[in-house]
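Asker: prediction below, plus the sequence it came from.
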Amino acid sequence: MNYFSTRDKSLKFSFKDIFLRGLAPGGGLFLPSEIKKYDKGDLNRLSQLSYKDLATEIIFNFCSNEINKDELNFLIDKSYKSFTVKEVVKLKKIGEINLLELYHGPTLAFKDIAMQIIGNMYDHLQVAKKKIVNVVVATSGDTGSAAIAALSNRKNINLFVLHPHNKISETQRKIMTTIGGPNIYNVAIEGSFDDCQKIIKELFNEDTFRTKINMSGVNSINWARIICQIVYYFYSYFKLKKENISFSVPTGNFGDIYAGYIAKKMGLPINKLIVATNKNDILQRVINTGEYKPDRVQPSITPSMDIQVASNFERLLFYIMDENDNKVVSLMDELSLKGSFNLKKNEIEKIKKDFEGIKITDEETKNIINKIFKDHQFIIDPHTATGVGAANKVKNLKNIIVLGTAHPYKFNDTTKKVTGKNLEAPEHLKMYLNKIEKFDIIGNSNSDVKNYILSKIQ
């Protein structure tokens, strides 16, 4: 299995190469040279497996040259030992809602499902055996804490986590800034998540600096994140035992829902992937109008989705453009020079074949949380509520699974205002609540971040 770039099909990288790099040369994103297609017989066989064995079967397709299947199975089993449910995720019926709870990991968000595996892959692939690796990641609230839980105290690895200052929930910040070991550096950037992400991409594209610090990344642009997230689409389909299913996914950077798209390409019979956005609705707009035009980020009660530049969308564009890397380059250049691009009618139709885009306002989100609490005495977080709202709005679709992306405790301030109920911290997090937070506030620039990193590693 080789990997190429959305902007250069001639490239040939190994899984280990792309795992360490994250971003492809020239700013593109990595994609595999082939995607395995399962038939009905394969799906019947896979449906009998536990979550961990299913994860082994699916992930192995993408890394078989570097990890043998038994080693991968051991690595996955080790990665999920800290999860509070045996099968890693849980499909729950809440009234008419099929809720897939993805937040039973150490930091209470779906990011743990991929990040715990990635943390163990760093060790298994021995990418930090001879030289210290400096992992740099941007977070809109959940990726950072998941990366810290996965990489804290790892030998020969430093982790620098960039988050937008005062633009994530207090609980999200506290989890991030209290759980890490001495190899963890939390950095609050005076800007938005898009600013943090832009800086990360710039650093990856500066070959001299990237090489100098032996830089690696674990944002959702890292293909390893995508392949770990494919698994729960298969698992929940097997659990629901219905045909013609759809998924409603709270969406910011397009990584989680893109994993569903790959699951469909692998043969999972998915009808529609519903992109649930908040007021930062660039994805809803491009799906419905073809215009991809980032705007200013607007703060919302769903801060993990306060994103205007959805990086993983470029991976979808590659397939929408009939796998023409030159067309992708042209669109990305247009975005860089003009600040937007427009898709053609036939390209929009291709996207709509698989995707629906729906925006949910803050007020609608609150109403959904309140209604579910009143009707079922069950609390969902604001992001999950956007998924429920989008599922309710879409027409002519049955058997929709809503991805529950975060534990409501991470957004207790919002859910308490709406429901009047104060949630207690899960037991394993209580010990951190009164710890002193450790983070530094720095300016919103490439040079500020570079100087900060160099000051910590030299």
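Answerer: All right, it came through fine. Not measured: the values here are computed from a predicted model. Numbers count the residues shown, from 1 in each chain.
Asker: could you use CA atoms for every contact and neighbour count after this?
Answerer: Fine.
Asker: tell me the helices and strands packed up against the worst-scoring helix or strand of the chain on mean pLDDT.
Answerer: Of all the helices and strands that make up the chain, helix 427-430 has the lowest average by mean pLDDT, DSSP states H and E, namely a mean of 85. Packing contacts for helix 427-430, counted by 3 or more CA pairs under 8 Å, 6 or more residues apart in numbering; DSSP states H and E, involve no helix or strand.
Asker: so that it lines up with my notes, have the first residue be 816 from now on.
Answerer: With the count now opening at 816, the last piece we talked about shows up as helix 1242-1245.
Asker: right, and the helix or strand after it?
Answerer: strand 1255-1257 (DSSP states H and E).
Asker: show me how far the helix or strand following that following strand is from its chain's centre.
Answerer: As assigned by DSSP H and E, the chain's next helix or strand after strand 1255-1257 is helix 1261-1272. Computed by CA atoms, centre = their mean, to the nearest Å, the chain-centroid distance of helix 1261-1272 equals 25 Å.
Asker: and for stretch 1231-1242?
Answerer: Distance, centroid of stretch 1231-1242 to centroid of chain: 25 Å (CA atoms, centre = their mean).
Asker: buried residues, that stretch. List them.
Answerer: Neighbour-count burial for stretch 1231-1242, with 16 or more other CA atoms under 10 Å as criterion, is recorded at 1233-1234, 1240.
Asker: and which of these is nearest Asn1029?
Answerer: Ala1240 (37.0 Å; CA to CA).
Asker: and the closest one, how far is that from Arg988?
Answerer: 14 Å (CA to CA, to the nearest Å).
Asker: circling back to that earlier point, just curious, which of the buried residues of stretch 1231-1242 is nearest to Lys908?
Answerer: Nearest to Lys908 among the buried residues of stretch 1231-1242, counting by CA to CA, is Thr1234 at 20.2 Å.
Asker: which residues sit against the longest helix belonging to the chain?
Answerer: Ranked by residue count under DSSP state H, the longest helix found in the chain is helix 1038-1055. Helix 1038-1055 is contacted from outside by 833-834, 837, 845-846, 862, 866, 869-870, 873-874, 877, 904, 906, 915, 928-930, 932-933, 1033-1035, 1060, 1070-1071, 1073-1075, 1077-1078, 1083, 1216, using CA atoms under 8 Å, 6 or more residues apart in numbering.
Asker: let's see that with 6 Å instead.
Answerer: When contacts are defined by CA atoms under 6 Å, 6 or more residues apart in numbering, helix 1038-1055 is touched by residues 862, 870, 874, 929, 1074-1075, 1078.
Asker: buried residues in it?
Answerer: Neighbour-count burial for helix 1038-1055 flags 1038-1053, 1055 (criterion: 16+ other CA under 10 Å).
Asker: for that helix, the distance to its chain's centre please.
Answerer: 12 Å.
Asker: do stretch 890-900 as well
Answerer: 19 Å.
Asker: now it - C-alpha only, PDB.
Answerer: What follows is stretch 890-900 as a C-alpha-only set of coordinates in PDB (Å, rounded to 0.1, in the frame of the first residue of the first chain):
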ATOM      1  CA  LEU A 890      -1.900  -2.600  20.000                       C
ATOM      2  CA  ILE A 891      -5.700  -1.900  19.600                       C
ATOM      3  CA  ASP A 892      -6.600  -4.000  22.700                       C
ATOM      4  CA  LYS A 893      -4.000  -2.000  24.700                       C
ATOM      5  CA  SER A 894      -5.300   1.300  23.300                       C
ATOM      6  CA  TYR A 895      -8.900   0.700  24.500                       C
ATOM      7  CA  LYS A 896      -8.200  -0.700  28.000                       C
ATOM      8  CA  SER A 897      -9.000   2.600  29.600                       C
ATOM      9  CA  PHE A 898     -12.400   3.000  28.000                       C
ATOM     10  CA  THR A 899     -15.400   2.700  30.300                       C
ATOM     11  CA  VAL A 900     -17.400   0.400  28.000                       C
END
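Asker: who's in contact with that stretch?
Answerer: 919-920, 931-932.
Asker: can you check stretch 1213-1229 too?
Answerer: By CA under 6 Å, 6+ apart, stretch 1213-1229 touches 913-918, 923-925, 986-987, 1060-1064, 1195-1196, 1199, 1202, 1238.
Asker: average pLDDT for that stretch?
Answerer: On average, the pLDDT along stretch 1213-1229 is 96.
Asker: sorry, back to before: out of the contacts of stretch 890-900, which are inside helices?
Answerer: 931-932.
Asker: among the contacts of stretch 890-900, which one lies nearest to Gln1012?
Answerer: Gln931 (21.4 Å).
Asker: one step back: now that we have the contacts of stretch 1213-1229, which of them are buried?
Answerer: The neighbour count (16+ other CA under 10 Å) marks 913-918, 923-925, 986-987, 1060-1064, 1195-1196, 1199, 1202 as buried among these.
Asker: tell me which residues of the host helix or strand of Ile990 are tucked away?
Answerer: Assessed by DSSP H and E, Ile990 sits inside helix 985-993. Neighbour-count burial for helix 985-993, counted by 16+ other CA under 10 Å, picks out 986-993.
Asker: same check, this time on stretch 1158-1173
Answerer: For stretch 1158-1173, using 16+ other CA under 10 Å, the buried residues are 1158, 1162-1164, 1166, 1170-1173.
Asker: now what about it, what contacts it?
Answerer: By CA under 6 Å, 6+ apart, stretch 1158-1173 touches 1087-1091, 1099, 1102, 1105, 1205.
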